[in-house]
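**Student:** prediction below, plus the sequence it came from.
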Amino acid sequence: MVQVEAIAASQKQLLQKPTCAWIRWVQNHLLLLLVLLAQPVLGGQIVKYISVDDSELFYYFIESEGNPQEDPLFLWLTGGPGCTSFSGLLYEVGPMEYDIDNYTGGLPKLKYYPYARTKTASMIFLDAPVGTGFSYARTPGGWPTSDTKSAEQSYQFLRKWLVEHPQFLSVQLFVGGDSYAGLTVPLITKKIIDGNKEKAKPYMNIKGYLVGCPGTDSVIDGNSRVDFAHRMALISDEIYENAKRSCNENYINVDPANTACITAMGAIQKCLKDLSDKDILKPKCDLSSQDHPEGPDRRFLKEGSSEFLLSPSTFPKPWCTTLKLTHNSIWANDDGVQEALHVRKGTVPRWERCNNSLSYTQDVLSVIAVHKELSRSSLEVLVERFFIFFLLLPAANRPSLPSRPPDNLTHHS
């Protein structure tokens, strides 16, 4: 059974006596407390399924610690495709994380994370598309999905969620996500805007969207890696110029007959093989085959041509910054944890952080036009880019915004 081992220091005084502040904190952190204690989630409004078509989409909802009646509401998705938004909850923007420092084996424990976005926003962490996390299909025909189907189902999910929780209809709504979700987030946002124009019910108070290191365009995202590697001095001028010349600046879907290009890409692979694709300042450190990290390499780099990011190693090193990801399968597959989360038994044989066996069709190759259309609206847009992150690169995101941004777009260095 999961036990409470760490509570944020700022809350210790509140726990000493049942004050109004203590009651309010318990309400705001009910999911955290219930999961830490491995007790059933009360009311089914914090962790739940919502039916969309013949799919059951699983989500985690965290209410704002500030003023939920006024603070914004976020729909948050994680990349992949097929990576659970539980990653966003535990590793990115949520109010809890694994207690890595005190882990000695067995069932990992959670602790409160005091710098979450839930300090000032309510957040829905959605397992989408179907087959991701604890989401599942009721019929065989419900399993196949795609970029467009995932965006449509996420939109329908949000409509149903707001009907069930009308108290959030008046707050500002944002859609956010990272990595591969950078493709679906603008699609969902556009569907919300179009639905409002068509007077779909309920009306959604959409304010903007956020994408972090997002997938944007299959060709640009893929080709930009070689340019990025050269700009960051990861490959020499000679290797770079040879690749440009041999591949005609097209490093994806390389013709197998173009042996010069394949040789040039092999030279690039040799230079990059020991570097982390998530932090070029660190050596390669990936997870076991049971928990592949999400990333566009499964989409944009083809085996035998330009796949210059090597497969994950068998075991993570002790100093590996992503070692904490190995706790996922242990924790989420525990019977007590699943009971606490009200997971429906038998619907997901084994939980995986990233499900690489989705029946998934990648039918959206670019969302540049969607970004440009949305940028002409009154939406607030934030595109986060990190110059050490190799899976999706800063250069790849630049074309998604107009060269002269409208008033609602602000560039931050």
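**Tutor:** On my side now, so go ahead.
**Student:** how far away is Ser357 from Ser85?
**Tutor:** Distance, Ser357 to Ser85, using C-beta to C-beta, to the nearest Å: 18 Å. The way it works is simple: take the backbone N, C-alpha and C, and place the C-beta from them, glycine included.
**Student:** between the two, tell me which one has more neighbours.
**Tutor:** When neighbours are counted by other C-beta atoms under 10 Å, Ser357 and Ser85 differ, and Ser85 comes out ahead with 29 against 8.
**Student:** would you check that the more buried one makes contact with Met123?
**Tutor:** No. Using C-beta atoms under 8 Å, Ser85 is not in contact with Met123, being 9.3 Å away.
**Student:** any common contacting residues for these two?
**Tutor:** Shared contacts of Ser85 and Met123, defined by C-beta atoms under 8 Å, 6 or more residues apart in numbering, are found at Trp76.
**Student:** which element follows the helix-or-strand element of the chain with minimal mean pLDDT toward the C-terminus?
**Tutor:** In the chain, no helix or strand scores lower on mean pLDDT, DSSP states H and E than helix 297-300, which sits at a mean of 34. For helix 297-300, the succeeding helix or strand toward the C-terminus, using DSSP states H and E, is helix 327-332.
**Student:** any idea how far that next one is from the chain center?
**Tutor:** Its chain's C-alpha centre and that of helix 327-332 lie 17 Å apart, by C-alpha atoms, centre = their mean, to the nearest Å.
**Student:** ok, then the element right after it?
**Tutor:** Following helix 327-332 in sequence order, the next helix or strand is helix 335-340 (DSSP H and E).
**Student:** other SSEs contacting that following helix?
**Tutor:** Helix 335-340 sits against helix 30-37, with contacts defined as 3 or more C-beta pairs under 8 Å, 6 or more residues apart in numbering; DSSP states H and E.
**Student:** following the helix it packs on, which helix or strand shows up next?
**Tutor:** strand 47-52.
**Student:** packing partners of the helix or strand that that next one is followed by?
**Tutor:** Per DSSP H and E, the first helix or strand lying C-terminal to strand 47-52 is strand 55-62. In terms of contacts (3+ C-beta pairs under 8 Å, 6+ apart), strand 55-62 is packed against helix 30-37, strand 47-52, strand 122-126, strand 136-137, helix 147-164.
**Student:** and the third one with strand 55-62, angle?
**Tutor:** What that stands for is strand 122-126. With axes from the mean of the first three to the mean of the last three C-alpha atoms, to 10 degrees as the basis, strand 122-126 and strand 55-62 are set at 150 degrees to each other.
**Student:** how far does strand 122-126 sit from its chain's centre?
**Tutor:** For strand 122-126, the distance to the chain centre is 12 Å (C-alpha atoms, centre = their mean).
**Student:** neighbouring contacts of it?
**Tutor:** Outside strand 122-126, the residues within contact range by C-beta under 8 Å, 6+ apart are 57-64, 68, 71-77, 85-86, 88-89, 93-94, 117, 154, 157-158, 161, 168, 171.
**Student:** circling back to that earlier point, for the helices and strands packed on strand 55-62, which one sits closest to Tyr112?
**Tutor:** helix 30-37 (6.3 Å; C-beta to C-beta).
**Student:** quick one: average pLDDT of the closest one?
**Tutor:** Rounded to a whole number, the mean pLDDT of helix 30-37 is 50.
**Student:** what sits against the spatially closest residue to Pro108 that is not a sequence neighbour?
**Tutor:** Spatial nearest neighbour of Pro108, chain neighbours left out: His327 (4.1 Å); criterion: C-beta to C-beta, 6 or more residues apart in numbering. If you count contacts by C-beta under 8 Å, 6+ apart, His327 has them with Tyr98, Ile100, Tyr103, Pro108.
**Student:** distance of His327 from Gly94?
**Tutor:** Remark: distance between His327 and Gly94 (C-beta to C-beta) = 15 Å.
**Student:** number of residues surrounding Arg344?
**Tutor:** Neighbours of Arg344 (other C-beta under 10 Å): 12.
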